[in-house]
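**Q** Have a look; sequence and predicted model below, questions after that.
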Protein chains: 2
Amino acid sequence: MTAAADRQPAPRKKTGRRPGSADTRRTVLEAARAEFAARGYQKASMRAIARAAGVDAALLHHYFGSKDKLFLAALEFPIDPRLLVARVLEGDRDAVGERLARLVLGLWEQPTVRDRLLAVLRTAAASEEVAGLMRGFMVAEVVTGVAAGLDVPQLRVELAMSQVIGLALARYVIAVEPLASASPDELLPLLARSLQGCLGQD
Amino acid sequence: MTAAADRQPAPRKKTGRRPGSADTRRTVLEAARAEFAARGYQKASMRAIARAAGVDAALLHHYFGSKDKLFLAALEFPIDPRLLVARVLEGDRDAVGERLARLVLGLWEQPTVRDRLLAVLRTAAASEEVAGLMRGFMVAEVVTGVAAGLDVPQLRVELAMSQVIGLALARYVIAVEPLASASPDELLPLLARSLQGCLGQD
């Protein structure tokens, strides 16, 4: 770690950062954000991030896992969308709309998760760079998997995602009534039908 | 008009503005934006706007029509959403999803209309004040009418609107592929089913 830090050309305020320390973590996440912003999700390289942060590439993998996990950490994503994918794909295809609606509402209705998701949305809305990054990540890690698992065109998965994002904006950001105050139980069957329309059989 | 302009306390660069002139129009629209921003759509008053702009209230009505028309002009809305409402309500309720999908795509696919709609969305995204205004207008002039006409709860109409806005963001702003490049003909049946899920019979 010390040898790796020595390779880092930028001046350092602190020395002797330990692997996994808060200081190293911050440096790595900054380097990751810069690399993702400069090259996009697909082209960004773990090796380049390690180099820019002055840490060993193997340690980077050890502490942050794969590129998608580092990306989620860098953007402070509160959930791993790929876990959701797995849960949406488990079970009857006729009920995929309801399963997705239940998952989505379950997440958005947790205030801490919602706040972080909204912060990610706001960052993406304010920056074309972040929006492009999010798009690259979502297509590579979410859309492709759901489309393949359900055997539907990606278009349908993206339309379902657009419904989820539109609902989040209308309910939690624009706070239009009565949508903003409706109980999750009231919303669930409606959202389920809309999503089933996007994802279900013809 | 000259007498009315004399009552206006703010200093004027130009004098002798004629009713309907570009100069008067600009002054009126500025006064309208200020009044709508200060008091919200429902509480804003045509009389107060006329007073602030230094024009006669009767002339204001003559040149801009009702409050909703002045609002649309002030926010440079490219369409009158109430005309859409009328067209969505005409015809078979089993086909309401398809009718709305066709209307929405027909509008968004016109580049000049799309650019103006996106500008309105961006302004609303950037300003809580404008977002609140839009919300007040849409509920008062669109949601209530569609819900009454279809005899469904407002919640359902707002969910359908959230799908339309989410799709617009995903297709035209975030430009996620293949959604961004899909032809309107490809999108139409999917959007129709999603909207029918929101608005149609159980």
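**A** That came through fine.
**Q** Output the contacting helices and strands for the longest helix along chain A.
**A** Scanning chain A for the helix with the most residues, using DSSP state H, yields helix A:22-43. On a contact count with 3 or more Cβ pairs under 8 Å, 6 or more residues apart in numbering or on different chains; DSSP states H and E, helix A:22-43 meets helix A:46-53, helix A:57-64, helix A:67-74, helix A:128-138. Quick note: C-beta positions are derived from backbone N, CA and C, even for glycine.
**Q** can you list the ones you listed in CSV and add distance to chain B and mean pLDDT?
**A** Below are these laid out as CSV (distance: least, Cβ to the nearest Cβ, whole Å; pLDDT from 0 to 100):
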stretch, distance to chain B, mean pLDDT
helix A:46-53, 25, 93
helix A:57-64, 26, 87
helix A:67-74, 17, 86
helix A:128-138, 5, 81
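**Q** Export those helices as a markdown table, with columns for mean neighbour count.
**A** Formatted as a markdown table, the helices and strands packed on helix A:22-43 follow (neighbours: other Cβ atoms under 10 Å in any protein chain shown):
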| stretch | mean neighbour count |
| --- | --- |
| helix A:46-53 | 20 |
| helix A:57-64 | 16 |
| helix A:67-74 | 20 |
| helix A:128-138 | 19 |
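**Q** before we move on, back to that, what about the longest helix of chain A, average pLDDT?
**A** Averaging pLDDT along helix A:22-43 gives 84.
**Q** ok, the nearest residue to A:Glu90 once chain neighbours are set aside to chain B distance?
**A** Using Cβ to Cβ, 6 or more residues apart in numbering or on different chains and skipping residues adjacent in sequence, the residue nearest A:Glu90 is A:Arg99, 7.8 Å away. A:Arg99 sits 15 Å away from chain B when distances are taken as Cβ to the nearest Cβ, to the nearest Å.
**Q** need the contact list for A:Arg99.
**A** A:Arg87, A:Val88, A:Glu90, A:Gly91 (Cβ atoms under 8 Å, 6 or more residues apart in numbering or on different chains).
**Q** Would you mind checking those for buried ones?
**A** Buried members of the contacts of A:Arg99, scored by 16 or more other Cβ atoms under 10 Å in any protein chain shown, are A:Val88.
**Q** Quick check: of the contacts of A:Arg99, which lies closest to B:Ala38?
**A** Nearest to B:Ala38 among these, counting by Cβ to Cβ, is A:Val88 at 45.7 Å.
**Q** which other helices and strands contact the host helix or strand of that closest one?
**A** Using DSSP states H and E, A:Val88 sits in helix A:81-89. Under the contact criterion of 3+ Cβ pairs under 8 Å, 6+ apart, helix A:81-89 touches helix A:96-108, helix A:144-150.
**Q** Run through who's touching stretch A:174-193.
**A** Looking at what lies outside stretch A:174-193 - Cβ under 8 Å, 6+ apart - the contacts are A:97-98, A:100-102, A:104-105, A:109, A:163, A:167, A:170-172, B:124, B:131, B:134-135, B:138-139, B:143, B:153-156, B:158-159, B:162, B:197-198.
**Q** Could you give the number of residues near the residue in chain A positioned nearest to chain B?
**A** Taking Cβ to the nearest Cβ as the measure, chain A has A:Gly166 as its residue closest to chain B, at 2.3 Å. By other Cβ atoms under 10 Å in any protein chain shown, the residues close to A:Gly166 number 23.
**Q** And for A:Glu76?
**A** 11.
**Q** these two touch, right, it and A:Leu118?
**A** No: assessed by Cβ atoms under 8 Å, A:Glu76 is found out of contact with A:Leu118, at 11.7 Å.
**Q** out of the helices and strands packed on helix A:81-89, deepest packed?
**A** Greatest average neighbour count among the helices and strands packed on helix A:81-89 goes to helix A:96-108 (a mean of 20), per mean count of other Cβ atoms under 10 Å in any protein chain shown.
**Q** I'd like the mean pLDDT over that one, please.
**A** Rounded mean pLDDT across helix A:96-108 is 93.
**Q** Show me the domain layout of chain A.
**A** A:2-74, A:81-199 (automatic domain parsing).
**Q** Start and end of the last one, how far apart?
**A** Taking Cα to Cα, to the nearest Å, the first and last residues of domain A:81-199 lie 17 Å apart.
**Q** For stretch A:131-149, what is the distance to the chain centroid?
**A** How far stretch A:131-149 lies from its chain's middle: 9 Å, per Cα atoms, centre = their mean, to the nearest Å.
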